[in-house]
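>>> Structure, please.
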Amino acid sequence: MKLKKGINLGGWLSQCEPSIEHYETFIVESDFKKIKDKGFDHVRVPVDYNLVEEEDGTYTDGFKYIDRAISWAKKYDLNMILDLHETYGFVFDDETKVAFFNDRSVRERFFKLWEEFSNRYAKYKDMLVFELLNEVTKEEFGPIWNEAIIEAISRIRKIDKDILIIFGGTRNNSITDLVKLPLVNDKNVIYTFHCYEPLIFTHQGAYWIKNMPLDFRIDYPLKKEDVVKAKNGVLKKVYEQWGGEEGFYFGIGEDAYISRNIFEVLLKDTLEFAKKNNLTLYCGEYGVINLADKEAKVRWYEDIHKVLEKYNIGRALWSYKEMDYGVFDPENASVLDKIVENA
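Residues are numbered from 1 along each chain as shown. Have a look, this model is predicted:
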């Protein structure tokens, strides 16, 4: 199955105000055709639990939208990742919703939902992949999450023995935390990570980053003098809340952080871990906020694509439209082909 060049359909069945009008209009069949025509071989479709579940756990008819996505993907010869983006009891961007890690009964609901997905969709395993959960956050959740991974796979395997299953690590599927994931005795699993480094470039001016000035802008590749000036000035509070030198530079040091070689450095330990254990790697999200300079954005995509291609790592751009990262949004029209040609 090809999972080499993909794009996320963020904001359609996830991270949205749930309504029939939105589900029916945000993504339509012609979008799948457009994605195929641009040379992509798969889509990653984030789905929130409340698409298919009431708050008491009762299933709804929201599965019809997943059915529709699968049918459109099949029609245009696209493979598809079904990504559970938010589950009952855990939302990656809401620190108050972490019951998943404190209550076994909440995790049981997660397992049952994956059994339901398996009963409905494992028959499409020639073109469909399951992704257990998007971006587990705190490192301290690791032991419980690792146990949940093993159990979820076991539950799915009782229904289907070989559909591909994707899972990632803590700190929002960070590259560095992937090596802390359990080694699963299953040849049909894929280990995923997300990559938005350097964060001060890909998230410049992001309204959801605490203390990030909305008018902050920076070029790529990063220049040392610009980074030093920012961290001592307008990003001083961001620098402190990220944990100083170690957190701000993602633990790889200033020299690597400002280098166009940053992705080689970030991936080094993960690549060794994967090679040693014969694992398949996948980058489920990567992208640059639309506030960034267009040509700087192109340079960033060129660098990350070169490294992902070098190590034969499949990937999916974040995201198709809107969501502050819409690759196909009108403001990217002049550089769209440059972004996707080597994606």
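
>>> Only C-alpha atoms from now on, for both contacts and neighbour counts.
OK.

>>> all helices of the stretch 51-200 of the chain, in order?
Remark: helices of the stretch 51-200 of the chain, listed N- to C-terminal, are 63-75, 104-121, 142-157, 170-173, 199-202; assignment by DSSP state H, counting those that start in this stretch.

>>> For the stretch 201-343 of the chain, just list every one of the helices.
Counting by DSSP H, counting those that start in this stretch, the stretch 201-343 of the chain has helices at residues 224-232, 236-241, 244-248, 254-257, 262-277, 294-310, 336-340.

>>> Let me have the ones you listed in CSV, extended by mean pLDDT, distance to Tyr23 and mean neighbour count.
Putting the helices of the stretch 201-343 of the chain into CSV (pLDDT from 0 to 100; distance: least, CA to CA, whole Å; neighbours: other CA atoms under 10 Å) gives the following:
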stretch, mean pLDDT, distance to Tyr23, mean neighbour count
helix 224-232, 97, 40, 14
helix 236-241, 97, 36, 17
helix 244-248, 93, 38, 16
helix 254-257, 95, 39, 17
helix 262-277, 97, 36, 16
helix 294-310, 97, 30, 18
helix 336-340, 96, 25, 18
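
>>> okay, those helices in JSON lines with distance to Ser319 next?
Conversion of these to JSON lines gives the following (distance: least, CA to CA, whole Å):
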{"stretch": "helix 224-232", "distance to Ser319": "27"}
{"stretch": "helix 236-241", "distance to Ser319": "25"}
{"stretch": "helix 244-248", "distance to Ser319": "25"}
{"stretch": "helix 254-257", "distance to Ser319": "24"}
{"stretch": "helix 262-277", "distance to Ser319": "20"}
{"stretch": "helix 294-310", "distance to Ser319": "13"}
{"stretch": "helix 336-340", "distance to Ser319": "12"}
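
>>> Nearest to Asn185, out of those?
Set against Asn185 and scored by CA to CA, the helices of the stretch 201-343 of the chain come closest in helix 262-277, at 10.4 Å.

>>> With only the CA atoms kept, save that closest one in PDB.
Taking only C-alpha atoms (Å, rounded to 0.1, in the frame of the first residue of the first chain), the coordinates of helix 262-277 have been written out as PDB:
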ATOM      1  CA  ILE A 262      17.900  20.400  11.300                       C
ATOM      2  CA  PHE A 263      15.800  17.500  10.100                       C
ATOM      3  CA  GLU A 264      18.800  15.200   9.800                       C
ATOM      4  CA  VAL A 265      19.700  16.000  13.400                       C
ATOM      5  CA  LEU A 266      16.200  15.600  14.700                       C
ATOM      6  CA  LEU A 267      15.800  12.200  13.000                       C
ATOM      7  CA  LYS A 268      19.100  10.700  13.900                       C
ATOM      8  CA  ASP A 269      18.200   8.700  17.000                       C
ATOM      9  CA  THR A 270      14.800   7.700  15.600                       C
ATOM     10  CA  LEU A 271      16.300   6.400  12.400                       C
ATOM     11  CA  GLU A 272      18.700   4.300  14.400                       C
ATOM     12  CA  PHE A 273      15.900   3.000  16.600                       C
ATOM     13  CA  ALA A 274      13.800   2.100  13.500                       C
ATOM     14  CA  LYS A 275      16.700   0.400  11.800                       C
ATOM     15  CA  LYS A 276      17.700  -1.600  14.900                       C
ATOM     16  CA  ASN A 277      14.100  -2.900  15.300                       C
END
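
>>> Arg104 and Asp83, how far apart?
Separation of Arg104 from Asp83 (CA to CA, to the nearest Å) stands at 22 Å.

>>> The two: who's more crowded?
A count of neighbours by other CA atoms under 10 Å puts Asp83 above the other of Arg104 and Asp83, at 22 against 13.

>>> show me what contacts that one?
Arg44, Val45, Pro46, Val47, Phe130, Glu131, Leu132, Leu133, Asn134 (CA atoms under 8 Å, 6 or more residues apart in numbering).

>>> could I get those residues as JSON lines with distance to Phe273 and neighbour count?
Rendered in JSON lines, the data for these read as follows (distance: CA to CA, whole Å; neighbours: other CA atoms under 10 Å):
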{"residue": "Arg44", "distance to Phe273": "25", "neighbour count": "28"}
{"residue": "Val45", "distance to Phe273": "28", "neighbour count": "23"}
{"residue": "Pro46", "distance to Phe273": "27", "neighbour count": "22"}
{"residue": "Val47", "distance to Phe273": "30", "neighbour count": "25"}
{"residue": "Phe130", "distance to Phe273": "23", "neighbour count": "25"}
{"residue": "Glu131", "distance to Phe273": "21", "neighbour count": "25"}
{"residue": "Leu132", "distance to Phe273": "21", "neighbour count": "23"}
{"residue": "Leu133", "distance to Phe273": "22", "neighbour count": "26"}
{"residue": "Asn134", "distance to Phe273": "21", "neighbour count": "28"}
